Every structure is written in structure tokens, then in C-alpha cells.
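>>> A structural model of the following input is requested.
(2 chains)
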Amino acid sequence: GAGVSQTPSNKVTEKGKYVELRCDPISGHTALYWYRQSLGQGPEFLIYFQGTGAADDSGLPNDRFFAVRPEGSVSTLKIQRTERGDSAVYLCASSLKGGEETQYFGPGTRLLVL
Amino acid sequence: DQQVKQNSPSLSVQEGRISILNCDYTNSMFDYFLWYKKYPAEGPTFLISISSIKDKNEDGRFTVFLNKSAKHLSLHIVPSQPGDSAVYFCAASGAGGTSYGKLTFGQGTILTVHP
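Next comes the predicted model:
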């Protein structure tokens, strides 16, 4: 079946603008995760959804970052008043039930804030 | 505070030989470990995992070893192939509470397999 998809694949924006990044998980997966990867580093956890609710949002860096998953499938990561330091690859992953199991990653969205 | 560390930024191996990638962790609450491979401009691809109740898991050319007392795991690739050239990340989960399900990654090791 289809894997995790993310759109757009690349996003260039100006400092101060608002951006939305979309993730479409594997069909039937109830758990969805967002990570951020900076150059030369491993992915860093942002937020974890179980169904429609955010089970753990402890990785969101500040209140400019927000994510939703209103119907328990597609998720949108929203970044307000973008800063140059937000430039990174934003990765989405999904897993069947959540917890200690394999997470399957999408290709990522490369965000560049000028 | 880097809870998962991959101390070798890069590794170069001849085709056909063994590749050994290492990973150390500090949080004793971690009890599930995974290895991912990543090619440029792609997302991480799952390779192999191991639960803390085991000390070895094997899948084809890939074997992961876990030493809980040393808080150390390693990935062995035998025989190595040029197509294995990629960045390898180890990840851990299971630190309890709200961290359940969240993966903590190492910094990655760039593996280059020469023909």
C-alpha cells in the first residue's frame, strides 16, 4: 500500500510568514508523529497524535508551533511568524497503534525561511 | 543532553566486508531500539529493531546486538554492499510516561561502502 506522504516537498518562505505542512499517514495507522531534522543531526521529536488527540506535544519548541489531526488521519503542522531558525526538514511518521513499534517515515518537507 | 549517541560520524568499508555501526544511550528506561537508514532527500527507512528482552535480532544481512549493562547497541551488516551507503540512525523509545512512543535519535553515522 501507499506509504506516508508529505506536502509540499519543499517550502521557501520569508521571515514572519505563516506556513502549513501536511502529512498523510499510512491508511489504518492510528498513531502519527512529527519530527524536525536540522543539518547534521538526527530527527528530533515534536508531537505525537493518538487518533485525533495530541498524546504528547512536549517537543514543540514554542507557541508558534501547532499541529492538528481533526479526523484522525491527515495532520497539519502550522508554524506562525516563521524565523530563520525554523529552517529544517520536517518529518512525519505513522505507526499502527502507537507505543513501542516501528514508525514509518515520509520523505519530509524541506522548509527554508529567508 | 544527548540521550542517544553515535560517536562515529562516518565509517568507510570495503564491499563484502563487515560494517559495524555503534550506538550508546544513557537513559536506562529505554527498552525498544531501532535502526533506520536514510538516503539524501528521502525520509528514514526502517531496517531492524530489538526489544530490551533480547540481546540479538537478525534479519538477512543485518544483525542488531544489545548490551543493556553497557547501554550499548550495534548494527552489523554482512556482507556490506555499495547500495548500503547511506546515513544510519539508531533510535530508542520507551522512557515511560508521556515519552511512550516518542523516538529519540542519535546524530547518525555516514556509511560508505567502496566497490
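>>> Just the closest residue of chain A to chain B, please.
Distance from chain B to each residue of chain A (C-beta to the nearest C-beta) is smallest for A:G42, at 3.1 Å. All C-beta spots, glycine's among them, are computed from the backbone N, C-alpha and C.
>>> So, low pLDDT: which residues of chain A?
Counting by pLDDT under 70, chain A contains low-confidence ranges at A:1.
>>> Look up the closest residue to the residue nearest the centre of it, ignoring the ones flanking it.
With distances taken as C-alpha atoms, centre = their mean, A:W34 lies nearest the centre of chain A, 3.3 Å away. For A:W34, the nearest residue in space outside its immediate sequence neighbours is A:L46; the separation is 4.2 Å by C-beta to C-beta, 6 or more residues apart in numbering or on different chains.
>>> for A:G40, same thing?
Spatial nearest neighbour of A:G40, excluding adjacent residues (C-beta to C-beta, 6+ apart): B:Q107 at 7.2 Å.
>>> Can you tell me the element that neighbour falls in?
Using DSSP states H and E, B:Q107 is not contained in any helix or strand.
>>> backbone phi and psi for the closest residue to A:Q80 other than its chain neighbours, please?
Nearest in space to A:Q80, with sequence neighbours left out and distances taken as C-beta to C-beta, 6+ apart, is A:R64 at 4.7 Å. Note on A:R64: backbone dihedrals following degrees, to the nearest 10 are phi -80, psi -20.
>>> ok, now which ones touch A:R64?
A:I79, A:Q80, A:R81, A:T82, A:E83 (C-beta atoms under 8 Å, 6 or more residues apart in numbering or on different chains).
>>> Okay, and which of those map to helices?
Assignment to helices by DSSP state H places none of the contacts of A:R64 there.
>>> Need the max-distance pair from those.
Maximum pairwise distance among the contacts of A:R64 (C-beta to C-beta): 10.2 Å, between A:Q80 and A:E83.
>>> So B:W35 sits against B:F89, correct?
Yes: here B:W35 lies in contact with B:F89, judged by C-beta atoms under 8 Å, at a distance of 7.2 Å.
>>> closest point of chain B to chain A, which residue?
Of all residues in chain B, B:F105 sits closest to chain A, at 3.1 Å by C-beta to the nearest C-beta.
>>> Quick one, grab the pLDDT at that residue.
B:F105 is assigned a predicted lDDT (pLDDT) of 96.
>>> still on that earlier bit, the residue nearest to A:Q80 and A:Y18: what is the separation?
Summarising the geometry, the distance separating A:R64 from A:Y18, computed by C-beta to C-beta, to the nearest Å, is 9 Å.
>>> Among the contacts of A:R64, name the buried ones.
Members of the contacts of A:R64 that pass the buried threshold by neighbour count (16 or more other C-beta atoms under 10 Å in any protein chain shown) are listed as A:I79, A:T82.
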